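Chemist: Only the shape, not the letters, is given here:
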């Protein structure tokens, strides 16, 4: 299990297979994962079973200062990013100042890199909070997880921490409509003696029906690329992903495949 953590608030830029040249923002601790899900495929590993101290999140002012410094340096070097991406060591929308940080980021983007997009990679668990919902409406790439439309599969694959209701989440995703980019990771294998496979006909039928309810502007599908904390997981072939993508297109949605 060779998983990794981001050890800085601002990281990169990196060449993202989905987004282009991406400057990353980590609003979570730099020494551990903090997430409302504990996905069995997460490249950051598992949530800590026990914390010796309260998780420290970077203050809004620190995030803005570090982002300003990085964008200014990149502007001076003539190498601005295509996108500023909120990702990092867990779920970015857990940060209590998330909405304010998005406002700061939009202002800094307009000052230093007006052609740059803002992206948030979220597991959709906090979109019931109105401040989070409104903040996500302000950005260009509002990328929201929906790994399955079957509750049992979400529980096995994404392992939500605390209360989670899939149908309520789909209803919240529907509020975004075309402003949502639905992101789904396809994988198969076994975990704790149970088969996990969100590529079956039953899974795909339910997932496509959920997409028809949500009506997103785009769908991103991909599979595991790095080592996963759970053993026994298998990468889905590009041929299979393309076949799934064809069904998404037939349903009337734009789709991007990353194999």
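Modeler: Cool, got the structure. Values in this document were obtained by computation on a predicted structure and should not be read as measured data. Residues are numbered from 1 along each chain as shown.
Chemist: contacting residues around the longest strand along the chain?
Modeler: For the chain, the longest strand by residue count, based on DSSP state E, is strand 181-191. With C-beta atoms under 8 Å, 6 or more residues apart in numbering as the test, strand 181-191 has contacts from 40-41, 121, 141-147, 156-157, 173, 195-199, 207, 211, 214, 216-224, 230, 232-236, 240-241, 244. Placement of C-beta: from N, CA and C, glycine included.
Chemist: List buried residues within those residues.
Modeler: Among those, those buried by neighbour count (16 or more other C-beta atoms under 10 Å) are 40-41, 121, 141-147, 156-157, 173, 196-199, 207, 211, 214, 216-224, 230, 233, 235-236, 240-241, 244.
Chemist: Who does the longest strand of the chain pair with, and is each partner parallel or antiparallel?
Modeler: strand 141-145 (parallel), strand 194-197 (antiparallel), strand 218-223 (parallel), strand 233-235 (antiparallel) (DSSP bridges).
Chemist: With distance to residue 61 and mean pLDDT added, can I get those in a markdown table?
Modeler: Converted to a markdown table, the strands paired with strand 181-191 look like this (distance: least, C-beta to C-beta, whole Å; pLDDT from 0 to 100):
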| stretch | distance to residue 61 | mean pLDDT |
| --- | --- | --- |
| strand 141-145 | 25 | 98 |
| strand 194-197 | 42 | 95 |
| strand 218-223 | 32 | 98 |
| strand 233-235 | 40 | 96 |
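Chemist: Redo these as JSON lines? Include distance to residue 68.
Modeler: Below are the strands paired with strand 181-191 laid out as JSON lines (distance: least, C-beta to C-beta, whole Å):
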{"stretch": "strand 141-145", "distance to residue 68": "21"}
{"stretch": "strand 194-197", "distance to residue 68": "43"}
{"stretch": "strand 218-223", "distance to residue 68": "29"}
{"stretch": "strand 233-235", "distance to residue 68": "39"}
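Chemist: Of those, which is nearest residue 178?
Modeler: Closest to residue 178 of the strands paired with strand 181-191 is strand 218-223 (C-beta to C-beta; 8.5 Å).
Chemist: hang on, the earlier thing: for the longest strand of the chain, what is the average pLDDT?
Modeler: Average pLDDT, strand 181-191: 97.
Chemist: Give me the distance from that strand to the chain's centre.
Modeler: A distance of 12 Å separates the centroid of the chain from that of strand 181-191, by C-alpha atoms, centre = their mean, to the nearest Å.
Chemist: now stretch 67-76
Modeler: 24 Å.
Chemist: returning to that earlier point: in the longest strand of the chain, what's buried?
Modeler: By neighbour count on 16+ other C-beta under 10 Å, the buried set for strand 181-191 is 181, 182, 183, 184, 185, 186, 187, 188, 189, 191.
Chemist: gap between the fourth one and residue 38?
Modeler: Put plainly, it is residue 184. From residue 184 across to residue 38, the span is 18 Å (C-beta to C-beta, to the nearest Å).
Chemist: Out of the strands paired with strand 181-191, which is closest to residue 83?
Modeler: Nearest to residue 83, of the strands paired with strand 181-191 and by C-beta to C-beta, is strand 141-145 at 6.6 Å.
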